[in-house]
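Asker: what's the 3D shape of this:
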Amino acid sequence: MTVSKRASLGISLGAIVLYWIYQIVSQRQDAILPAHFSDLVWRIVRGKIIVLTALFLLLRLEGEGFKTLGLTGHKWSKHFGVGLLFGLAMFLTLNVGLAAVMHSLLPRPAANGPTIMSFFKEPGNLLAWLPIGIFGGGVVEELQRIFIFTRFEKWLGRPGLILGIVLSSVMFGLGHRYQGLAIAISTAVSGSLLALVYLRRRSALEPIAAHAVSDVLAMLAATMLAR
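Answerer: Residues are numbered from 1 along each chain as shown. Alright, predicted model coming up:
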């Protein structure tokens, strides 16, 4: 059965809304960290695999692929290098600067069990954290973000693009609410900046590289602080 472009776009938008609803409903449950690091890794990996598979299927339904999101090899080294510079700048301004300011103004969440920092105490855990940051954060989350606001752009044009960026950034921040309001706000800001990095050249490699290097630096810093 052939699905019209309008219908396939409607399915994609519906899937996005359903995902956001699920994210809000399950947020309290996801905030409860498992006792073992391996269980946390499996939870994260499973979620990223599901998201990546859903993106692939929805793009295929619309007759597109990851290439239409800007994931191409055209001038890849230049885009990758620019992305690394953006990522370094974002880490310094958001993870170091903005986060420090927000933590001084807003209360930290009460710890009712193991915190995410407890899983950074063992340096060996970086063998799992770094791939999660690079592929789970950099690749999957950026493809997901680009897919979301480009669907809104296809639906409503430029106003839809702005709406998609705002909503996806807010939901990105809410996904980190369990780490405290300060982290949620800085994460939402980073989501908006990563969207702007993409719009600069419509290359997915730039926000992917920026997100990946920012995550890697944050994980290395968290490991040093936790010890």
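Asker: Please compute how far the helix or strand harbouring Tyr198 lies from its chain's middle.
Answerer: When elements are defined using DSSP states H and E, Tyr198 is found to belong to helix 181-201. Here the centre of helix 181-201 is set off from its chain's centre by 9 Å, with C-alpha atoms, centre = their mean, to the nearest Å.
Asker: mind listing what's buried in it?
Answerer: Buried residues in helix 181-201, counting neighbours by 16 or more other C-beta atoms under 10 Å, are found at 181-195, 197-199. Every residue, glycine included, has its C-beta placed from N, CA and C.
Asker: Just the pLDDT at the nearest residue to Arg202 once chain neighbours are set aside, thanks.
Answerer: Spatial nearest neighbour of Arg202, chain neighbours left out: Gly70 (5.0 Å); criterion: C-beta to C-beta, 6 or more residues apart in numbering. Confidence per residue is given as pLDDT, and for Gly70 that number is 96.
Asker: Next, give phi and psi for Gly70.
Answerer: With angles defined as degrees, to the nearest 10, Gly70 sits at phi 100, psi 10.
Asker: Which stretches in this protein count as helices?
Answerer: For the chain, applying DSSP state H gives helices covering 5-25, 27-30, 37-61, 76-90, 99-105, 126-131, 142-156, 158-174, 181-201, 205-226.
Asker: what angle sits between the first one and helix 37-61?
Answerer: Looking back up the chat, that one is helix 5-25. 160 degrees (axes from the mean of the first three to the mean of the last three C-alpha atoms, to 10 degrees).
Asker: Repeat that for the last one.
Answerer: Between the axis of helix 205-226 and that of helix 37-61 there is an angle of 170 degrees, by the same axes, to 10 degrees.
Asker: Show me what helix 205-226 is packed against.
Answerer: Helices and strands in packing contact with helix 205-226 are listed as helix 76-90, helix 126-131, helix 142-156, helix 181-201; criterion 3 or more C-beta pairs under 8 Å, 6 or more residues apart in numbering; DSSP states H and E.
Asker: neighbours around the closest residue to Tyr198 other than its chain neighbours, how many?
Answerer: Distances taken as C-beta to C-beta, 6+ apart put Pro207 closest to Tyr198, at 4.6 Å, once the chain neighbours are dropped. Number of residues near Pro207 (other C-beta atoms under 10 Å) recorded here: 29.
Asker: Ile24 now?
Answerer: 13.
Asker: now it, nearest residue through space, not along the chain?
Answerer: Ile24 sits nearest to Leu174 (C-beta to C-beta, 6+ apart), 7.0 Å away.
Asker: isn't the one you found right next to Ser26, touching?
Answerer: No. Applying C-beta atoms under 8 Å, one finds Leu174 not in contact with Ser26, separated by 11.3 Å.
Asker: How much space separates the spatially most central residue of the chain from Ser4?
Answerer: Residue closest to the average C-alpha location in the chain (C-alpha atoms, centre = their mean): Glu141, at 3.6 Å. For Glu141, the distance to Ser4 (C-beta to C-beta, to the nearest Å) stands at 30 Å.
Asker: where does this structure have its least confident helix or strand?
Answerer: Lowest by mean pLDDT, DSSP states H and E among the helices and strands of the chain is helix 27-30, with a mean of 64.
Asker: And Arg108, what's its pLDDT?
Answerer: pLDDT, the model's per-residue confidence, is 64 for Arg108.
Asker: what about the nearest residue in space to the residue nearest to the centre of the chain that is not next to it in sequence, how many residues close to it?
Answerer: Closest residue to Glu141 apart from its sequence neighbours, by C-beta to C-beta, 6+ apart: His211 at 6.5 Å. Here the number of neighbours of His211 (other C-beta under 10 Å) works out to 29.
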